[in-house]
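Asker: Show me the folded form of this:
(chains A, B, C and D)
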Number of protein chains: 2
Amino acid sequence: MLTNHLRKDLVANLRSDAGLASALRVSLTRLNRRLRRQAVGHSLTPTQLATLAAVERHSGITPGELAEHEKVQPPSMTRVIAALEERGLVSRAPHPSDRRQVTVSVTDQGTRLLKEERRRKEAWLAQRLKELTPEERAVLRQAAPILEKLSRN
Amino acid sequence: MLTNHLRKDLVANLRSDAGLASALRVSLTRLNRRLRRQAVGHSLTPTQLATLAAVERHSGITPGELAEHEKVQPPSMTRVIAALEERGLVSRAPHPSDRRQVTVSVTDQGTRLLKEERRRKEAWLAQRLKELTPEERAVLRQAAPILEKLSRN
DNA sequence: GGTATATAGTTAGCAAAGGTAATGACATAT
DNA sequence: ATATGTCATTACCTTTGCTAACTATATACC
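Answerer: Numbers count the residues shown, from 1 in each chain, chains lettered A, B, ... in the order given. The predicted structure is shown next:
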């Protein structure tokens, strides 16, 4: 009964653009909270994991670039990197040309953890996706890049 | 250049279902962080706002139900309700039949704030949506109920 | 060349928001 | 009547973000 009310509100509002913004915001917030909970008990927080993945993809990236990439302030990124380094998942090295800067790279251990973590990190979401119809999945497949775009500046 | 890499990764991965889960998770996390930042300076946090809206929709709801609805643990909800009550936006009353429980209702002031807040609460997202193509918006319009569904149990 | 300004990363201190464990009051089952 | 269960709350801790301030280095300008 609770959910039915919500459902109706959502559908009704969706016709307008403001309604779309509203519905999206609510859904995003709740889904994210849900996702976050899945990380409990796992080894890394979502932000640490995302950062580690970004470091893997862009080896030699600087903290500043990482901060921008993850939409976080530099001090926050410093802490994330420190936590990852402490666990031996990434390593810091001086920047070749600019001694103010630092480069960050993933270690073997980081790569391994990433691989291992990746398998189970989407377990919950993948399971939920499996419960959708192929059409619904197709919609999300189209939506993912757009959501990604929205998060960019 | 950084974003281009990301773009490519996303698109490449999206073909598989596991890739969809992965891409969605990353996008959702980042977008949410973005959204959260927009709330700074506003009067209520996203969770408080969502809770207030839920209370408005389901007048007389109990803290436990609210916690479940917002996917939060009961103690967290207690705090959210306390914050809202302190601002005079909701009120607590004894449950009619079960004296362990409590009912929560929105006050006039809460309704007013909700209306006011709603106007500007999606400003950022709405602005971003405006920058999308009509086709992209159409995709999100389809996606919103599916994301909502995913966040339910 | 030397001084001023800008930039990258970090450190320090703070706040928000969530979680678990424990508690108290009440309800329910045996 | 007693034991167990449930709801809300309290107490305490953790995580993770922020801003402001600091240090080291780079760059611009005179």
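
Asker: got the residue ranges for the helices in chain A?
Answerer: Per DSSP state H, chain A carries helices over the ranges A:2-13, A:17-39, A:46-57, A:63-69, A:74-86, A:108-121, A:123-130, A:134-151.

Asker: Format these as TSV; extra columns: mean pLDDT, mean neighbour count and distance to DNA strand C.
Answerer: Just so you know, the C-beta spots here come from the backbone N, C-alpha and C atoms, and that holds for glycine as well. Written out in TSV, the entries for those read as follows (pLDDT from 0 to 100; neighbours: other C-beta atoms under 10 Å in any protein chain shown; distance: least, C-beta to the nearest atom of the strand, whole Å):
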stretch	mean pLDDT	mean neighbour count	distance to DNA strand C
helix A:2-13	48	14	18
helix A:17-39	73	20	6
helix A:46-57	89	21	12
helix A:63-69	94	19	2
helix A:74-86	94	16	3
helix A:108-121	80	14	16
helix A:123-130	81	16	15
helix A:134-151	90	18	19
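
Asker: could you dump those to CSV with distance to chain B?
Answerer: As requested, these are arranged in CSV below (distance: least, C-beta to the nearest C-beta, whole Å):
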stretch, distance to chain B
helix A:2-13, 6
helix A:17-39, 3
helix A:46-57, 5
helix A:63-69, 6
helix A:74-86, 10
helix A:108-121, 7
helix A:123-130, 4
helix A:134-151, 4
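
Asker: now those in CSV, with distance to B:Ala144?
Answerer: Supplementary listing: these in CSV, determined by distance: least, C-beta to C-beta, whole Å:
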stretch, distance to B:Ala144
helix A:2-13, 7
helix A:17-39, 5
helix A:46-57, 22
helix A:63-69, 26
helix A:74-86, 29
helix A:108-121, 24
helix A:123-130, 16
helix A:134-151, 9
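
Asker: how near is the residue nearest the centre of chain A to A:Val139?
Answerer: Nearest residue to the geometric centre of chain A (C-alpha atoms, centre = their mean): A:Ala50, 5.2 Å. Look at A:Ala50 and A:Val139: by C-beta to C-beta, to the nearest Å, they are 24 Å apart.
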